[in-house]
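In: Model the structure of this input:
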Amino acid sequence: MRRRVAFVMSLLLAFAGCAADTVNEASRKWDAWIGSSKDERVRDLGIPTRCHAFKDGGEVCEWPVRWAPDTTDTLALTFDSRGTVCQWTLRSVYGDRRSQGSC
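Out: This next block holds a predicted model:
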């Protein structure tokens with residue numbers, strides 16, 4: 001029984017490590033989007049599932065991120081009043097991750 005538990009735990013840790021590597025790779029791509037326009041992001045990602053406008057003229061828009069058939073996270077891009085990406089947030093089953101900079 002202990003061997004089986006140890007085996008299952010090692011598989012779970014290995015999967016979590018792979019998922020973390022994938023998210024780290026994606027976060028580098030999202031960091032490169034800082035300063036790009038909303039039009040560029042819509043061309044790359046498609047129409048967002050929802051957006052919320054702020055009084056200052058900025059907005060935040062969300063897109064689903066599918067890592068696997070049964071896993072969907074949410075990528076939120078925040079745009080300043082000029083429509084330029086100023087930060088990203090990933091809401092994931094593993095917790096939230098954010099860009100280093102913020103608006």
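In: just for the chain, where's the confidence low?
Out: 1-22 (pLDDT under 70).
In: One more pass at 90, please.
Out: 1-26, 67-71, 93-95, 100-103 (pLDDT under 90).
In: mind listing the helices for it?
Out: Shown for the chain, the helices assigned by DSSP state H span residues 2-32, 38-45.
In: And for the last one, what's in contact with it?
Out: What that stands for is helix 38-45. With C-beta atoms under 8 Å, 6 or more residues apart in numbering as the test, helix 38-45 has contacts from 33, 48, 61, 63, 75, 77, 79, 83-85. All C-beta atoms are positioned from the backbone trio N, CA, C, and that covers glycine.
In: Put the buried members of these into a PyMOL selection.
Out: To isolate the buried members of the contacts of helix 38-45 in PyMOL, using 16 or more other C-beta atoms under 10 Å:
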select buried, resi 33+48+61+63+75+77+79+84+85
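In: Provide a list of residues in contact with Val93.
Out: By C-beta under 8 Å, 6+ apart, the residues touching Val93 are 71, 73.
In: ditto for the one 3 residues further on
Out: For Asp96, the contacting residues are 89-90, taking C-beta under 8 Å, 6+ apart as the criterion.
In: From Cys103, how far off is it?
Out: Separation of Asp96 from Cys103 (C-beta to C-beta, to the nearest Å): 16 Å.
In: Now the most centrally placed residue in the chain: closest residue in space that isn't a chain neighbour?
Out: Geometric centre of the chain, nearest residue: Leu90, 3.2 Å, by C-alpha atoms, centre = their mean. Nearest residue to Leu90 in three dimensions, chain neighbours excluded: Arg97, at 4.6 Å (C-beta to C-beta, 6 or more residues apart in numbering).
In: Could you report the neighbour count for that neighbour?
Out: Here the count is done by other C-beta atoms under 10 Å, and Arg97 has 17 residues near it.
In: so how far is Trp33 from it?
Out: Going from Arg97 to Trp33 by C-beta to C-beta gives 14 Å.
In: Among the contacts of helix 38-45, which are located in strands?
Out: Counting by DSSP state E, these place 61, 63, 75, 77, 79, 85 in strands.
In: Of those, just say which sits nearest to Ala26.
Out: The nearest member of those to Ala26, counting by C-beta to C-beta, is Leu75 at 8.5 Å.
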